[in-house]
Each structure stands twice: as structure tokens, then as C-alpha cells.
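# quick one, fold the following:
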Amino acid sequence: MNDELFLDERIEVLATFGSGLNPCYPRKFKRANGRVVDVEEIGLRHPTTQGRRTVHVFDVTDGAADYRLEFDAERLTWRLTREGDRE
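Numbering: from 1, shown residues only. The predicted model follows:
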């Protein structure tokens, strides 16, 4: 990500859950300002820990910008933590 913004924004996410190696797929998310972002592609996905909680990190793009989404598996909440231009 170039010109990266570090955020801590609570977001609403429409995700599908299935089976296989990547059972969770965020499809779109709605930002606090009401803007809806359609996810075109997932780059990396990996679990990490924050204290005793597992957080799943998704690097996604809408084709115009890159985003990092974090799903807290205990609290069942999503956060937008980074946004960057695609260059």
C-alpha cells in the first residue's frame, strides 16, 4: 500500500462463510460515512492474536484502493485499520 492511512474505524461487513481453506470472504463493507466499498479481491488473509483474542486480518481491494479489515472472532466485530492508494 502506498500513502497508507492508519485507521481504527468500526465498519459493517457483508461476508460469506463456507468451507475449504478460506471459509470467510468479505464481499463489501460500509464505512462510518455511509460509503459502501465492494471487495473485488482478497490479497492476504491470516489470523493473529490481540491479547487472548483471535483476530482475522484481510488485505482487500476494490480495484481503486487497498484496505485492511480485521475481524475479531470473540467480539464478532469488524474494523477498518488501513487504507492506501493503489499505485
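
# pull the CA atoms of the strand or helix carrying Val60 into CSV?
Applying DSSP states H and E as the criterion places Val60 in strand 53-61. The C-alpha coordinates for strand 53-61 follow below in CSV (Å, rounded to 0.1, in the frame of the first residue of the first chain):
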residue,chain,number,x,y,z
ARG,A,53,-8.5,-12.9,21.3
THR,A,54,-8.0,-14.2,17.8
VAL,A,55,-8.3,-11.5,15.1
HIS,A,56,-8.5,-12.4,11.4
VAL,A,57,-6.8,-9.9,9.1
PHE,A,58,-7.8,-9.4,5.5
ASP,A,59,-6.0,-7.3,2.9
VAL,A,60,-8.6,-6.5,0.2
THR,A,61,-9.0,-4.2,-2.7
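
# mind listing the strands it pairs with, and their directions?
In the sheet containing strand 53-61, the strands it pairs with under DSSP bridges are strand 41-50 (antiparallel), strand 65-72 (antiparallel).

# compare those and give me the one nearest Leu7.
strand 65-72 (8.7 Å; Cβ to Cβ). C-beta: built from backbone N, CA, C; applies to glycine.

# how distant is the closest one from the center of its chain?
Offset of strand 65-72 from its chain centre (Cα atoms, centre = their mean, to the nearest Å): 2 Å.

# who touches it?
Contacts with strand 65-72, where a contact means Cβ atoms under 8 Å, 6 or more residues apart in numbering, come from 1, 11, 13, 15, 24, 26, 29, 37, 43, 50, 53-61, 77-86.

# also stretch 29-48?
With Cβ under 8 Å, 6+ apart as the test, stretch 29-48 has contacts from 9-14, 22, 24-28, 54-63, 66-67, 69, 73, 78, 80.
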